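Trainee: Dropping a prediction and its sequence here:
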Amino acid sequence: PEEEGGGEKAAVLNVVTAGTQIFELNICDYCPSCEYRLCMDGLPWLLPHMTKRVAKIPRATMVELLEKRTLPLEQTPQEMQDMPPGSMVGVVEGGCGGNP
């Protein structure tokens, strides 16, 4: 392609996004103090450094949560019930392979 004035237009590389998203802005009416939330893409890098916002979840509870998309808080592990509002990571006890 030619530029005005008869010269050739130089090819340009334009970086729009680079890296892996670890947090994203959280617009949430019921938790205004939670400005950011965790992103799934960044968990492999962030999880090894997390100590307070991780809860072990029994496999049956996780299956029920995924099927129903919601659970009463009292049906979740006590460590989840004791956490203040905000992002957390639920790790399935014993992994998640196999059949229920």
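Mentor: Received it, and whenever you're ready, just let me know what you need.
Trainee: for the protein, what's the longest helix?
Mentor: In the chain, assigned by DSSP state H, the helix with the most residues is helix 59-68.
Trainee: Quick check: what element follows that one along the chain?
Mentor: Later in the chain than helix 59-68, the nearest helix or strand by DSSP states H and E is helix 78-81.
Trainee: From the contact counts, what lies against that following helix?
Mentor: Applying 3 or more CB pairs under 8 Å, 6 or more residues apart in numbering; DSSP states H and E, we find helix 78-81 packed against strand 54-57. Just so you know, the C-beta spots here come from the backbone N, C-alpha and C atoms, and that holds for glycine as well.
Trainee: re earlier: contacting residues around the longest helix of the chain?
Mentor: Helix 59-68 is touched from outside by Ile57, Leu71, Gln75, Thr76, Pro77, Gly90, Val92, Glu93, Gly94, Cys96, Pro100, with contacts defined as CB atoms under 8 Å, 6 or more residues apart in numbering.
Trainee: Make a markdown table out of the residues you listed and add distance to Glu64, neighbour count and pLDDT.
Mentor: Below are the contacts of helix 59-68 laid out as a markdown table (distance: CB to CB, whole Å; neighbours: other CB atoms under 10 Å; pLDDT from 0 to 100):
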| residue | distance to Glu64 | neighbour count | pLDDT |
| --- | --- | --- | --- |
| Ile57 | 10 | 19 | 94 |
| Leu71 | 6 | 14 | 92 |
| Gln75 | 8 | 12 | 91 |
| Thr76 | 10 | 17 | 92 |
| Pro77 | 13 | 14 | 92 |
| Gly90 | 12 | 15 | 92 |
| Val92 | 12 | 15 | 93 |
| Glu93 | 14 | 14 | 90 |
| Gly94 | 16 | 10 | 82 |
| Cys96 | 13 | 12 | 64 |
| Pro100 | 10 | 7 | 48 |
